[in-house]
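> sequence below, structure please.
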Amino acid sequence: MCELFAANQLQIPILDMDWKSWAAGLIAIDVFANEATPDPYTFDDWQDWASALVGAFNAGTQSNAAI
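Numbering: from 1, shown residues only. Purely as a prediction, here's the structure:
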C-alpha cells in the first residue's frame, strides 16, 4: 500500500508510529477519500479499524457489482 501510493507521502508504519495518524493519511488519499472509509479516531484498536475498512470496501464492491 505504501509503495503504491508513495507519491502521497504515506510512510511505512513502524511499531512506535501512531496508527491513527497513519490511517488518517491513508484515507486522505483521493482513492480512499471518495469511499465510505471509517474514521480511525473512533476506534481504540487498529485491527478493529482495519476490519471496518475492509468491510467498507467490500460493501462498495458488492454494491457496484449489482449495478
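
> do a quick rundown of the strands in this structure.
Counting by DSSP state E, the chain forms no strands at all.

> for residue 59, what are its contacts?
Taking Cβ atoms under 8 Å, 6 or more residues apart in numbering as the definition of contact, the neighbours of residue 59 are residue 36. C-beta coordinates here come from the backbone N, C-alpha and C atoms, glycine included.

> hmm, 10 Å instead?
For residue 59, the set of contacting residues under the criterion of Cβ atoms under 10 Å, 6 or more residues apart in numbering consists of 35-36.

> please apply the same query to residue 37.
Taking Cβ under 10 Å, 6+ apart as the criterion, residue 37 is in contact with 23-24, 26-29, 31, 49, 52-53, 56-57, 60.

> quick check: the gap between the closest residue to residue 33 other than its chain neighbours and residue 38.
Of all residues beyond its chain neighbours, the one nearest residue 33 is residue 27 (6.2 Å), with distances taken as Cβ to Cβ, 6 or more residues apart in numbering. In this view, residue 27 and residue 38 are 8 Å apart by Cβ to Cβ, to the nearest Å.

> what touches both of these two?
Common neighbours of residue 27 and residue 38, counting by Cβ under 10 Å, 6+ apart, are 49, 53, 56.

> next, format these as CSV and append neighbour count and distance to residue 17.
CSV is the format used below for the shared contacts of residue 27 and residue 38 (neighbours: other Cβ atoms under 10 Å; distance: Cβ to Cβ, whole Å):
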residue, neighbour count, distance to residue 17
49, 21, 14
53, 21, 17
56, 16, 22
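
> export those as CSV, with columns for distance to residue 14.
Supplementary listing: the shared contacts of residue 27 and residue 38 in CSV, determined by distance: Cβ to Cβ, whole Å:
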residue, distance to residue 14
49, 17
53, 20
56, 25
